[in-house]
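Student: This is the structure alone, sequence omitted:
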């Protein structure tokens, strides 16, 4: 890995971002974090040395310009997540995810940053019938969130090569792990189900539960970010996932086994923008940056369950 200069992580106080900051600091990097703390928490960065937290918003060009000063790399994770939230406020989703990304990418190029790694989403694919999502599929998002992430991805990649900036986009698939907030009104399914399992309360599945996801432990996407940083690849979007799939009913069984008691389930109507099946083809990331998932779904789920049980 390139041992040079400080690096910037936008959204670094959040779930995925704080795991990346932890790893970067452990590798000896001086890390600057830009986060508006709308969903991120300073406590996620507690005890990490060589971290500078700037409370600011990627929608502010001035704040972004100050944040990128003197850094050699930018890992751009700041976003307004959640498909559900994007339906409630699509304008805000677009402003943060797309316009904010345009600010970050433009500032990175202007400041002479070496590399920008953008955190994109599998939501750009939409609900296509292909068994595995490959990067040559035409993006067909079906939610404001998916559209905002696709536009953001294009805006980031458009800066590739400007002032020698190298840009890569990583399309995440259903990332899970410790520090993911189970109490958010937009909580992801794994922390939500684990919280219900620990409390002995029923979990809600929207639909029949046969919908499947490529659940990917956070350590794997952190690996993908570092590999992208250390590679020579540029101007490309690639999947970052495990390359497998598990239904929500399978997830219920796995969590029930970990907790030692059945997790009760209540079924509700499907939600707008939810897709039926999602699984990544990760061959491009393997070839381009040497990516291979280290943590299996089963091991990641065990680690995650234990982290919530201890909290």
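Tutor: Structure's in. What do you need? Keep in mind that what you see is a predicted model, and the values were worked out from it rather than measured.
Student: Any stretches of the stretch 151-300 of the chain with poor pLDDT?
Tutor: For the stretch 151-300 of the chain, no stretch is flagged by pLDDT under 70.
Student: Low-confidence ranges, the stretch 1-150 of the chain, go.
Tutor: Looking at the stretch 1-150 of the chain by pLDDT under 70, you get 1-4.
Student: try it again with 90
Tutor: Along the stretch 1-150 of the chain, segments meeting pLDDT under 90 span 1-5, 49-50, 129-131.
Student: Over to the residue of the chain most remote from its centre. Which of the three states is it?
Tutor: Of all residues in the chain, residue 261 sits farthest from the chain's C-alpha centroid, using Cα atoms, centre = their mean; the distance is 30.5 Å. Of the three states, residue 261 takes coil under DSSP: H, G, I helix; E, B strand; the rest coil.
Student: how close does it sit to residue 249?
Tutor: 17 Å (Cβ to Cβ, to the nearest Å). Backbone N, C-alpha and C define where each C-beta goes, glycine included.
Student: Could you do residue 227 as well?
Tutor: 33 Å.
Student: what's the answer for residue 144, then?
Tutor: Counting by Cβ to Cβ, the gap from residue 144 to residue 249 is 28 Å.
Student: returning to that earlier point: just checking, the residue farthest from the centre of the chain touches residue 201?
Tutor: No. In this structure, residue 261 is not within contact of residue 201 by Cβ atoms under 8 Å, at 11.8 Å.
Student: Now do the strands in the chain.
Tutor: 7-10, 31-35, 51-55, 73-76, 115-121, 166-172, 175-176, 203-206, 212-213, 216-217, 236-240, 246-247, 265-268 (DSSP state E).
Student: got TSV for those strands, with distance to residue 153 too?
Tutor: Listed next are the strands of the chain as TSV, based on distance: least, Cβ to Cβ, whole Å:
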stretch	distance to residue 153
strand 7-10	15
strand 31-35	19
strand 51-55	24
strand 73-76	11
strand 115-121	5
strand 166-172	5
strand 175-176	16
strand 203-206	27
strand 212-213	20
strand 216-217	18
strand 236-240	6
strand 246-247	26
strand 265-268	31
